[in-house]
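Q: sequence first, then the predicted structure:
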Amino acid sequence: MNILIALATGALFTGGLYMMMRRSLVRVLVGILLLGNAINLTIFAAGRLVAFTPPIIAPGQSRPPDGVADPLTQALILTAIVISFGITAFAVALVRQTYSQTGTDDLDLLRCTDVPCPPEPDWEEPQEGNS
Amino acid sequence: MNGRSLLLNVAVRYLMPLLLIFSVFLLLRGHNEVGGGFVGGLVAAAAFMLYAIAHSPAEVHDLLPVSPRTLFTLGLFMALLSGLLPVFGNQPFQTGLWLPEPLPVLGKVGTPFLFDTGVYLLVIGVILHILLTLAED
Amino acid sequence: MNLAVMAPILLPLTSAILALAAWRAPGLQRWAAVAGTFLQFGAALALLNRVNQSGIQTFQVGSWPAPFGITLAVDLFGAIMLAVSGLVGLSVALYALNGIDDERVAYGFYPLFHILLMGVNGAFATGDLFNLYVWFEVMLMASFVLMALGGTRAQLEGSVKYVVLNLLASSLFLSATGLLYGLTGTLNLAQLALVLPETQPHGLTLALSMLYLVAFGIKAAIFPLFFWLPASYHTPPVAVTALFSGLLTKVGAYAMLRVFTLIFRTDPIFTNTLFLVLAGLTMVTGVLGAAAQWDFRRLLSFHIISQIGYLVMGLGLASQAALAGAIYFMVHVILAKTALFLIAGIVERLRGSFDLHQLGGLYRSQPWLALGFALPALALAGLPPFSGFFAKLMLVRAGLEAGQYIIVFTALGVSLLTLFSMSKVWGEVFWKPAAMEPAAVADRGGVPVWMILPTALLVVGGLLLGLFAEPAIQWSHQAAFQLLHPDLYIQAVLGGLP
């Protein structure tokens, strides 16, 4: 079980990092997601891996059965999943919006922040409505 | 969204009430048992999204009595209130307060339940807000 | 019964809820933001007063005792940062009255603004590592949207770079936290401070501390992890940039100071040398990058990086004098930097450009604005009698005491280059003859008082920090003393527990 999780974590990290180094924005996004899941698995493994004994206190008992996994790591992962859900939603919207504005998802072509852009009507428009 | 399926349409008609009731069940079951506001909210949001797939995102807006934004504002407010209530009773922030007697259907009611309900509304509101905006684009 | 510690977090949350409720009333949101940040500033000052009088304030959320529940713990350093964050929040809220257009308000600028402040304050107040991660994410999520809000092409491209690199930093932070929990079984900062020095093997602890260094280093924009900052900070409206430059990178620096003084104390020689090397390189690359810039905001963005180097220098020297210098420097640089960005916004409003080539001649029409720019600019360059001088003096003296001459000379050299860079801006924007035809200038009208007031507030705040350096330095020394004596923090959080 431990070896399996370790292999899965390694595979996810590898895939995530590989994807993050691609030029296509969508792949970078997928890479970040894979990385997030790899980290969740890492935390999961950090809380001891035990099968078939969930850390739940049975009715009438005051403590969980012996030999359960650490429930705190699972709470941490849950928090991390919620956060990554929100971030993913935002990132998808951002990538989509960027694509529709620039017509590309190639990171090498997104250089308007560093060099003057090819002339385009929407480039550096003055902030309107300030008066 | 086009390409509606009759099967899905019919299925949603029966699934949606079931899912919504299940989500409330999860919400009420929370705290001491498996369940809670977050899971319940996810199930309810999934029900609405299913409806959006079967019909259209605009119809979900018609279905909801208030906008998703109002839902999550309300949810945030309830969560904040659940934390502040103990403060008015001279207890530290977010200390659990409970009514002395369990209510008939709900069971034991206290500030954690209020917090959970806040989370429930917040999750439905946020997820619908995000997904409907993305779907309508 | 210690709601004072919670107040800097709860007040922005309440303001955010109110702003959401007043979604359709932009005017109401604007003034509610001013009132909310004003209260928040007041609450932070009250908390600062309390911490100063009765030591480290702690709060156990939901009455769960210390190592099990979520702990908030505010020492003097944290309280100072909370107060400064309140001041920056108030200034930006005032500036945003005119500096943020109605369209951005309609897309939810104000709720996000409050949530950003909540995240920043939460990060300053928390006593738990995972909680720190959550506050970082709250802050980042709000900053992502604030940066992209409005959706011009440059903003979107800047956001992409900002988002991707910060997500990578968050991932590193999270995985380091998970591994640390696996190693020690706790994430409470005080308990970590207690158990980590005895945890074997030391090598693993050191490796984890390096993961944290990279994670916080990306957020704080230290060398060689700063590339996202100059690529993105100049794209959103000035009010947003000012807020980011004042607070976001400083939260990263704060987290570094906190974590490396409190919990990672096992291998000081290695980490401190590393910090000094990074500090020197950060200063130099930042200031050299700034020298090559001709865009007002990009130039200031590069200076953010160079200033972060001084903070890391204080951390690397690790004596009480050096940490006091870093804390004083942090306050100074937040005030000066935010003021400079706000002034850049006013200049843009007057002349419609951030390009130094096209600007000029503003001294004739706006002498007060020129003075207002000169004060924080000279402070940033470190000339006496301004705040930056005392900050750098403290750091340099600490460096000489420690015998670290290389970093001292680097710091002094970078100060000179900063002076060069600031005088370049002053000359180009205010002194040289106007490059634009007078007609274009006349069309722009006056500056609203709500833009001048917050700028003046920050400039005067920075001036007072320099004029009343004596008490301010004493406070910094007290804060540094607390940082160097983790047992005080541990005692305050864990109380009677062993």
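A: Arrived safely, thanks for sending.
Q: can you list the residues of the stretch 201-350 of chain C near chain A?
A: Residues of the stretch 201-350 of chain C lying near chain A by C-beta under 8 Å from any C-beta of the partner chain: C:Ala231, C:Ser232, C:His234, C:Thr235, C:Pro237, C:Arg349. Bear in mind the C-beta positions are built from the backbone N, C-alpha and C, glycine included.
Q: so of the residues you listed, which ones are in helices?
A: Among these, the ones falling in helices (DSSP state H) are C:Ala231, C:Ser232, C:Arg349.
Q: out of everything not next to it in sequence, what's closest to the last one?
A: Spatial nearest neighbour of C:Arg349, excluding adjacent residues (C-beta to C-beta, 6 or more residues apart in numbering or on different chains): C:Val447 at 6.3 Å.
Q: that's a strand at that neighbour, yeah?
A: No. Assessed with DSSP: H, G, I helix; E, B strand; the rest coil, C:Val447 is coil; it does not lie in a strand.
Q: surely it meets C:Arg351?
A: No. Look at C:Val447 against C:Arg351 with C-beta atoms under 8 Å: they stay out of range, at 11.3 Å.
Q: low-scoring stretches of chain B, by residue?
A: For chain B, applying pLDDT under 70 flags the ranges B:1-4, B:104-107, B:137.
Q: alongside chain A, which residues does it contribute?
A: B:Val34, B:Phe38, B:Val126, B:Ile130, B:Leu131, B:Thr133, B:Leu134, B:Asp137.
Q: how about a cut-off of 7 Å?
A: Within chain B, the positions near chain A by C-beta under 7 Å from any C-beta of the partner chain are B:Ile130, B:Leu134.
Q: all helices of chain B, in order?
A: B:6-29, B:37-54, B:57-63, B:68-88, B:111-136.
Q: which residue would be the closest one in chain A to chain B?
A: Residue nearest to chain B within chain A: A:Ala89 (4.5 Å; C-beta to the nearest C-beta).
Q: is that residue in a helix, a strand, or coil?
A: From three-state DSSP, the assignment for A:Ala89 is helix.
Q: picking that back up, nearest to C:Leu208, of the helices of chain B?
A: helix B:37-54 (29.8 Å; C-beta to C-beta).
Q: close to chain C, is that closest one?
A: No. Helix B:37-54 stays clear of chain C (C-beta under 7 Å from any C-beta), getting no nearer than 14.7 Å.
Q: would you put the C-alpha positions of that helix in CSV?
A: Presented in CSV, the C-alpha positions along helix B:37-54 are these (Å, rounded to 0.1, in the frame of the first residue of the first chain):
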residue,chain,number,x,y,z
GLY,B,37,-22.7,21.5,5.1
PHE,B,38,-19.9,21.2,2.6
VAL,B,39,-20.8,17.8,1.2
GLY,B,40,-24.5,18.7,1.4
GLY,B,41,-23.8,21.9,-0.5
LEU,B,42,-21.8,20.0,-3.2
VAL,B,43,-24.7,17.5,-3.7
ALA,B,44,-27.2,20.3,-4.0
ALA,B,45,-25.0,22.3,-6.4
ALA,B,46,-24.6,19.1,-8.4
ALA,B,47,-28.3,18.7,-8.6
PHE,B,48,-28.7,22.3,-10.0
MET,B,49,-25.8,21.7,-12.5
LEU,B,50,-27.5,18.5,-13.7
TYR,B,51,-30.6,20.7,-14.3
ALA,B,52,-28.4,23.2,-16.2
ILE,B,53,-27.1,20.4,-18.4
ALA,B,54,-30.5,19.0,-19.1
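Q: run through who's touching that helix.
A: B:1, B:4, B:8-9, B:12, B:15-16, B:19-20, B:22-24, B:26-27, B:30, B:60, B:63, B:116-117, B:119-120, B:122-124, B:127-128, B:131-132, B:135 (C-beta atoms under 7 Å, 6 or more residues apart in numbering or on different chains).
Q: of the residues you listed, grab the buried ones for PyMOL.
A: Here is the PyMOL command that selects the buried residues among the contacts of helix B:37-54 (16 or more other C-beta atoms under 10 Å in any protein chain shown):
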select buried, chain B and resi 12+15+16+19+23+26+27+30+60+116+117+119+120+122+123+124+127+128+131+132+135
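Q: thinking again about what came up before, check what pLDDT the residue nearest to C:Arg349 gets.
A: Note on C:Val447: pLDDT of 76.
Q: just A:Gly15 next, same as before
A: 94.
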